[in-house]
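J.: test case, fold it:
(4 chains)
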2 protein chains.
Amino acid sequence: MPDMPPLGDTGLAFVRHDHSHCAKDTLARADALSNARGARMTPVRRRTLEILLESHKAMGAYDVLERLVADGFGNQPPVAYRALEFLVEQGLAHRIRRLNAFAACMHPGEAHVPVFLICTSCQLVAEAPADDVRGAMDAAAASIGFVIERTNVEAVGRCPACRGNRACR
Amino acid sequence: MPDMPPLGDTGLAFVRHDHSHCAKDTLARADALSNARGARMTPVRRRTLEILLESHKAMGAYDVLERLVADGFGNQPPVAYRALEFLVEQGLAHRIRRLNAFAACMHPGEAHVPVFLICTSCQLVAEAPADDVRGAMDAAAASIGFVIERTNVEAVGRCPACRGNRACR
DNA sequence: GTTGACTTGTTATGCTATAACATACGATAT
DNA sequence: ATATCGTATGTTATAGCATAACAAGTCAAC
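T.: The predicted model follows:
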C-alpha cells in the first residue's frame, strides 16, 4: 500500500489508498447489514453498489444505468433509480443533491451524519464526520420549535490535492 | 399585527406576521444593496424577488416563470432562471436544492449561513440562524485539509404549527 | 454616435426523475 | 406441489428541471 497519511478513513477520498480493499470491505459490510435487516441485496442492487464503489466520485443515475445495461440489466431509468433508492434507504449510499448524483457510503452501519465535501476541481466527494453539525442544526431548529427528521449537508470547495496541484488528478 | 411570539425574525415563516411589511422591507433593502454594489435591479429581477417574497414557500423556476409571463415578461425558462440566478448571486434569494426551488432571503445583507428548515406538511421554508453549523463544518473540513467555499445546509421535518394541527394550514 | 458590456428574448435541446402497468420471482402456507 | 401474496424487475411513456447558443435590444462611457 502506498504511503498513507495518519488519518482514519476520514477524507479517504482525498488520499491515496488501497481502493480495491476499501470497496471489498464495504461490500461485505453491506451484505451483512442487508441480511440483518431482512432487506434483499439482489443482483442489480449489489452491482449498483459495486459501481458506486469503484470510485469516490459521485455518479449520476444515468451513468450508473449505462453501466448496468452493459452488465445485462434493464436499460430504463427506473432500473437505476430504484436500485439507488434502495441503497440510500439502507444507508449504503448517499444522494448528493448539489450534483444530482449518488455516492457509496463510506461508513455503512455506523451512526453518522453525512457531511459531503465536494471538490470543484477533481469532483471527488468525501464524507466528513461532523456530528457537531447535527447538534448545531438541532439546536437552531429547536429554538423555533422545528423538529428535524433528515438533513442534507453539503459543501463545495477544494480538496488538499487540488489546492496543491495546478493540474489536478 | 396579530399576537406574535417573542422571537426575532428567526423562523418567521412559521409564525403569523405582517407579511406585506416583511416583504416591503426586504425589497427596500434589496434595492439599496444592489445599488451599493453596482448590480442592476432591473424590472424582471425586481418582480422575481417580489414574487418570491409573496410567500415563505419555495417556488420552482417554472412557477416563477408563469407569474412573470402573466406580467408581460418573456415566457421561456431562461427568463426565470437568469433572474433567479442573479438574486442568488446577490444574496437576495437562496436555492433550495432538495426542492429544486428558490426562496427569498430573509436576511439580505447580513452575513449569515443559510440553514433551511423545510416542513414536510405545509412546504414552508424557514431560514434558521446557525453560524455554529458553519463553524462545525469548517472544523470537519479543516481536519482533512479541505477548504470550504460554499455550503448547502437543508433539513426536512415538521414545523411547530404542523406538529400541533392535524389539518395543517 | 459609436463602441462595448450587459440584459433580455427566443429557439432548441439535454438532463433528471417518476408514474403506471406488466411480468417474474420467492417465501409461506396449505 | 401449488396457490397465494408481497416484493422486485422490466418496460413504456411522460413529466419536470435546467442550460447552450444566438439574436436583438438597452445603457453608459468615451
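
J.: wait, residue A:86 sits on residue A:45?
T.: Yes. In this structure, residue A:86 is within contact of residue A:45 by CB atoms under 8 Å, at 5.4 Å. Bear in mind the C-beta positions are built from the backbone N, C-alpha and C, glycine included.

J.: residues shared between the contacts of the two?
T.: Residues touching both residue A:86 and residue A:45 (CB atoms under 8 Å, 6 or more residues apart in numbering or on different chains): there are none.

J.: so residue A:139 makes contact with residue B:132?
T.: Yes. Between residue A:139 and residue B:132 there is a contact at 7.1 Å, judged by CB under 8 Å.

J.: of these two, which one has the most company?
T.: Neighbour count, other CB atoms under 10 Å in any protein chain shown: between residue A:139 and residue B:132, residue B:132 has more, with 17 against 13.

J.: helix or strand: which one has the more buried one?
T.: helix B:131-142 (DSSP states H and E).

J.: tell me the angle that helix makes with helix A:131-142.
T.: Orientation of helix B:131-142 against helix A:131-142 (axes from the mean of the first three to the mean of the last three CA atoms, to 10 degrees) gives an angle of 170 degrees.

J.: with just CA atoms, put helix B:131-142 into CSV.
T.: Provided in CSV are the C-alpha atoms of helix B:131-142 (Å, rounded to 0.1, in the frame of the first residue of the first chain):
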residue,chain,number,x,y,z
ASP,B,131,-23.4,30.1,12.4
ASP,B,132,-22.4,27.2,14.7
VAL,B,133,-23.1,24.9,11.9
ARG,B,134,-20.7,26.6,9.6
GLY,B,135,-18.1,26.5,12.4
ALA,B,136,-18.5,22.8,12.8
MET,B,137,-18.3,22.2,9.1
ASP,B,138,-15.2,24.3,8.7
ALA,B,139,-13.6,22.3,11.5
ALA,B,140,-14.5,19.0,10.0
ALA,B,141,-13.2,20.1,6.6
ALA,B,142,-10.0,21.5,8.0
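
J.: next structured bit after the longest strand along chain A?
T.: The single longest strand within chain A, with elements called by DSSP state E, is strand A:147-158. Helices and strands here follow DSSP H and E; after strand A:147-158, the next one along the chain is helix A:160-164.

J.: which strand or helix spans residue A:84?
T.: Judged by DSSP H and E, residue A:84 forms part of helix A:77-89.

J.: helices or strands up against that helix?
T.: Contact partners of helix A:77-89 among helices and strands, from 3 or more CB pairs under 8 Å, 6 or more residues apart in numbering or on different chains; DSSP states H and E: helix A:43-53, helix A:61-70, strand A:93-96, strand A:101-104.

J.: contact residues of chain A facing DNA strand C?
T.: When proximity is defined as CB under 7 Å from any atom of the strand, chain A approaches DNA strand C at A:60-62, A:76-78, A:81, A:85, A:100.

J.: quick check, nearest of those residues to residue B:112?
T.: residue A:100 (26.3 Å; CB to CB).

J.: from residue A:42, how far out is the closest residue to the closest one other than its chain neighbours?
T.: Counting by CB to CB, 6 or more residues apart in numbering or on different chains, residue A:60 is the residue found nearest to residue A:100 once chain neighbours are left out, at 6.1 Å. Separation of residue A:60 from residue A:42 (CB to CB, to the nearest Å): 22 Å.

J.: neighbour count winner among those two?
T.: Set residue A:60 next to residue A:42 and count neighbours by other CB under 10 Å: residue A:60 wins out with 15 against 12.

J.: give the contact list for the closest residue in space to residue A:133 that isn't next to it in sequence.
T.: Among residues not flanking residue A:133 along the chain, residue B:136 sits closest, at 4.4 Å (CB to CB, 6+ apart). Shown in contact with residue B:136 (CB under 8 Å, 6+ apart): A:130, A:132-133, A:135-136.
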